[in-house]
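Asks: structure for the following, please:
(chains A and B)
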Amino acid sequence: MRKVLIANRGEIARRIIRTCKARGVATVAVYSDADKDLPFVREADESVHIGPPPVPHSYLNVEAILGAAKSTGADAIHPGYGLLSENEAFARRVLEEGLLFIGPTPEVIGQMGDKLTARHIMETAGVPVVPGCEQAIDSPDEAAVIAMSIGYPVMLKASAGGGGIGMHICRDEAELRQAYQSAKGRAKAYFGNDAMYMEKYVERPRHIEVQVVADQHGNVIHLLERECSIQRRHQKVLEESPSPFLDIATRELLCDAAVTAAKAVSYSGVGTVEFIVDEQKNFYFLEMNTRLQVEHPVTEEMTGIDLVSLQLDIADGHPLSIEQEDVKALRHAIELRVYAEDPVTFLPSPGTITLYQPPAFEHVRIDDGVETGTQVTPFYDPMIAKVIVSGATRQEAVQQAQKAMDHFLITGIKTNIPFLQEVLQDDQFRAGNYTTWFVTERGAASSKEKR
Amino acid sequence: MKQVAANMAGTVINVLVQPGDEINEGQDVLVLESMKMEVPVQAQASGKVVEVKANIGDFVNDGDIIVVLE
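Replies: Sure thing, here's the model as predicted:
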């Protein structure tokens, strides 16, 4: 591998460029009109304009991206996360063009991208799954019958959905019937696939995921877990590793289950197996993300292992250079996602950044995609930076995170930094005692206080 | 004069009311999209719609007046 085209943008494009540079691999950035002045475009060795701002015309434009790879002589494509990273057809096209796809095979992407197929494979492999239906639901009547058998509350999900889109919690039959119609319509519009399924809704769950790494020779290891329960709108805001909730025995079971999951699909590359964990520490397979994760730096700062570097080795066909025994939680790491959004309503806040001054301290890593003068456009995800801190203990990491947030200056747009500061001061958070309900419950408590 | 203002910057992807409609406070009048998120804009007051100042595809800023009420 001599030249990698990065089919992505912003902070993750920059992150990938960094490791490529360190390894002496050349990089090609692709960009839309809206992104022409962003740091990742000039930091790549070459850059190719691929279209207007809306993603279907640029970052999802497969032929334009492949054309850029051809014209620059790139021999591999790194898809980053989101966008085309879990698109089976794209991975297939990349291979057809004789290029390396930095990720698993198209078949695996397809299998894990379809929630019903993924669930079936995992159940067969002995990985625990949430009680629910095995087949797509055909009618509201059928939905009601299934819900009765698994018991309310239930979660209605679009098979092709993800990131919280297309999910509905239903506490009784009336809610279910209503949600079924609207969810099906939305799934059709969003994903072009309106297959719906249902599972038992786990009350007060934690969202904990396991990083797995597999080479093309059948070797699979895990890089421990990430605790991702602090979410707003089903999207993660703060992640940490190790999880303060897991005990040693549960951690071992969970990580073993993730390795079993990866082996069940003959996985290759880095991937993430997501689980929900209930209050009794029972865990269930949620989905597998067949790509680099947004929060991968948490694992990197905890273990000292560069995940992008592993991706390049694996894509090149090398056997894993590390063994399971080499993987240790050396530090406690926390990632805070800085979003261009209102810190109270969480509504997007695009605009021009008039001053951008990230914190610079030891054990504070900044993965960002913007700078002073950057115009944050409404076309893409609102995440503009990730702050990853680490400490010898969780308490030390939390203190470091507070210091970093207190010294992060962004003006011109609204950001969620005040919200992140509040999270870090929250008693429940400090005690490491929180679920995916954390943000909702905090919101309810603070509006009560104001009254 | 009563008005409805946009609650964030974004592109208008749906207009749900037209001149002459009687609307209630809290009713969705228009849907904006920004940063991969669809957000409905709700009427901040009740009244009869006199003018809708935004069309599908328009970009509006936070605070822009999008609907004028009688």
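
Asks: return the backbone torsion pair for residue B:19.
Replies: phi -50, psi 140 (degrees, to the nearest 10).

Asks: right, and it touches residue B:51 too?
Replies: Yes - using Cβ atoms under 8 Å, residue B:19 is in contact with residue B:51, at 6.2 Å. C-betas here are computed from N, CA, C, even on glycine.

Asks: what's the burial count for residue 41?
Replies: I'll assume chain A. Other residues lying near residue A:41 total 19 when counted by other Cβ atoms under 10 Å in any protein chain shown.

Asks: look at chain B instead
Replies: Neighbours around residue B:41, by other Cβ under 10 Å: 23.

Asks: which residues touch it?
Replies: Counting by Cβ atoms under 8 Å, 6 or more residues apart in numbering or on different chains, residue B:41 touches B:4, B:6, B:7, B:28, B:29, B:30, B:31, B:32, B:66.

Asks: and the last one, which of the three is it?
Replies: Applying DSSP: H, G, I helix; E, B strand; the rest coil to residue B:66 yields a three-state assignment of strand.

Asks: show me the strands in chain B, by range?
Replies: Under the criterion DSSP state E, chain B carries strands at the ranges B:2-5, B:10-15, B:22-23, B:28-34, B:37-42, B:47-52, B:59-60, B:65-69.

Asks: just send these back as CSV, with distance to residue A:87 and mean pLDDT too.
Replies: Output for these, formatted as CSV (distance: least, Cβ to Cβ, whole Å; pLDDT from 0 to 100):
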stretch, distance to residue A:87, mean pLDDT
strand B:2-5, 38, 92
strand B:10-15, 23, 91
strand B:22-23, 41, 94
strand B:28-34, 21, 91
strand B:37-42, 21, 89
strand B:47-52, 37, 95
strand B:59-60, 28, 90
strand B:65-69, 35, 95
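
Asks: save those strands as CSV, and put in distance to residue A:25 too.
Replies: What follows is the strands of chain B, written out as CSV (distance: least, Cβ to Cβ, whole Å):
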stretch, distance to residue A:25
strand B:2-5, 50
strand B:10-15, 38
strand B:22-23, 58
strand B:28-34, 35
strand B:37-42, 35
strand B:47-52, 53
strand B:59-60, 39
strand B:65-69, 49
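
Asks: separation between residue A:42 and residue A:112?
Replies: 35 Å (Cβ to Cβ, to the nearest Å).

Asks: so if I had to pick from those two, which one is more boxed in?
Replies: residue A:112 (25 against 10).

Asks: A helix includes that one, no?
Replies: Yes - checked against three-state DSSP, residue A:112 lies within a helix.

Asks: could you find the closest non-adjacent residue to it?
Replies: In space, and not counting its chain neighbours, residue A:112 is closest to residue A:288: 4.4 Å by Cβ to Cβ, 6 or more residues apart in numbering or on different chains.

Asks: next: residue A:126.
Replies: Closest to residue A:126 by Cβ to Cβ, 6+ apart is residue A:260, at 6.5 Å.

Asks: repeat for residue A:265
Replies: residue A:108 (5.1 Å).

Asks: residues near that neighbour, how many?
Replies: Using other Cβ under 10 Å, residue A:108 has 21 other residues around it.

Asks: next up, phi/psi of it, please.
Replies: For residue A:108, the backbone dihedrals are phi -70, psi -40 (criterion: degrees, to the nearest 10).

Asks: for residue A:359, what are its contacts?
Replies: Residue A:359 sits in contact with A:366, A:387, A:403, A:404, A:405, A:406, A:407, A:408, where contact means Cβ under 8 Å, 6+ apart.

Asks: who's in contact with residue 9?
Replies: Reading this off chain A. Contacts of residue A:9 by Cβ under 8 Å, 6+ apart are A:31, A:32, A:35, A:38, A:40, A:59, A:80, A:83, A:369, A:380.

Asks: other chain: chain B
Replies: With Cβ under 8 Å, 6+ apart, residue B:9 has these contacts: A:348, A:349, A:350, A:351, A:378, B:34, B:59, B:60, B:61, B:62.

Asks: for the stretch 251-400 of chain A, what lies in contact range of chain B?
Replies: A:340-342, A:345, A:347-351, A:378-382 (Cβ under 8 Å from any Cβ of the partner chain).

Asks: dump these to JSON lines, plus neighbour count, distance to residue A:268 and secondary structure.
Replies: Listed next are those as JSON lines, based on neighbours: other Cβ atoms under 10 Å in any protein chain shown; distance: Cβ to Cβ, whole Å; DSSP: H, G, I helix; E, B strand; the rest coil:
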{"residue": "A:340", "neighbour count": "27", "distance to residue A:268": "35", "secondary structure": "coil"}
{"residue": "A:341", "neighbour count": "25", "distance to residue A:268": "36", "secondary structure": "strand"}
{"residue": "A:342", "neighbour count": "18", "distance to residue A:268": "41", "secondary structure": "coil"}
{"residue": "A:345", "neighbour count": "13", "distance to residue A:268": "42", "secondary structure": "coil"}
{"residue": "A:347", "neighbour count": "19", "distance to residue A:268": "40", "secondary structure": "coil"}
{"residue": "A:348", "neighbour count": "27", "distance to residue A:268": "36", "secondary structure": "strand"}
{"residue": "A:349", "neighbour count": "24", "distance to residue A:268": "40", "secondary structure": "coil"}
{"residue": "A:350", "neighbour count": "23", "distance to residue A:268": "38", "secondary structure": "coil"}
{"residue": "A:351", "neighbour count": "18", "distance to residue A:268": "42", "secondary structure": "strand"}
{"residue": "A:378", "neighbour count": "23", "distance to residue A:268": "37", "secondary structure": "coil"}
{"residue": "A:379", "neighbour count": "22", "distance to residue A:268": "33", "secondary structure": "coil"}
{"residue": "A:380", "neighbour count": "25", "distance to residue A:268": "29", "secondary structure": "coil"}
{"residue": "A:381", "neighbour count": "21", "distance to residue A:268": "27", "secondary structure": "coil"}
{"residue": "A:382", "neighbour count": "24", "distance to residue A:268": "32", "secondary structure": "coil"}
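
Asks: which of these scores worst on pLDDT?
Replies: Lowest pLDDT among these: residue A:345, with 87.

Asks: contacts only, for that one.
Replies: Residue A:345 neighbours (Cβ under 8 Å, 6+ apart): residue B:7.

Asks: for residue A:130, same thing?
Replies: A:199, A:200, A:202, A:276, A:284, A:285, A:286.

Asks: would you list those residues in JSON lines and tack on neighbour count, distance to residue A:72 and pLDDT?
Replies: Below are the contacts of residue A:130 laid out as JSON lines (neighbours: other Cβ atoms under 10 Å in any protein chain shown; distance: Cβ to Cβ, whole Å; pLDDT from 0 to 100):
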{"residue": "A:199", "neighbour count": "21", "distance to residue A:72": "45", "pLDDT": "88"}
{"residue": "A:200", "neighbour count": "16", "distance to residue A:72": "49", "pLDDT": "90"}
{"residue": "A:202", "neighbour count": "21", "distance to residue A:72": "47", "pLDDT": "90"}
{"residue": "A:276", "neighbour count": "21", "distance to residue A:72": "42", "pLDDT": "95"}
{"residue": "A:284", "neighbour count": "22", "distance to residue A:72": "44", "pLDDT": "96"}
{"residue": "A:285", "neighbour count": "23", "distance to residue A:72": "40", "pLDDT": "96"}
{"residue": "A:286", "neighbour count": "23", "distance to residue A:72": "38", "pLDDT": "92"}
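
Asks: no more questions from me, cheers.
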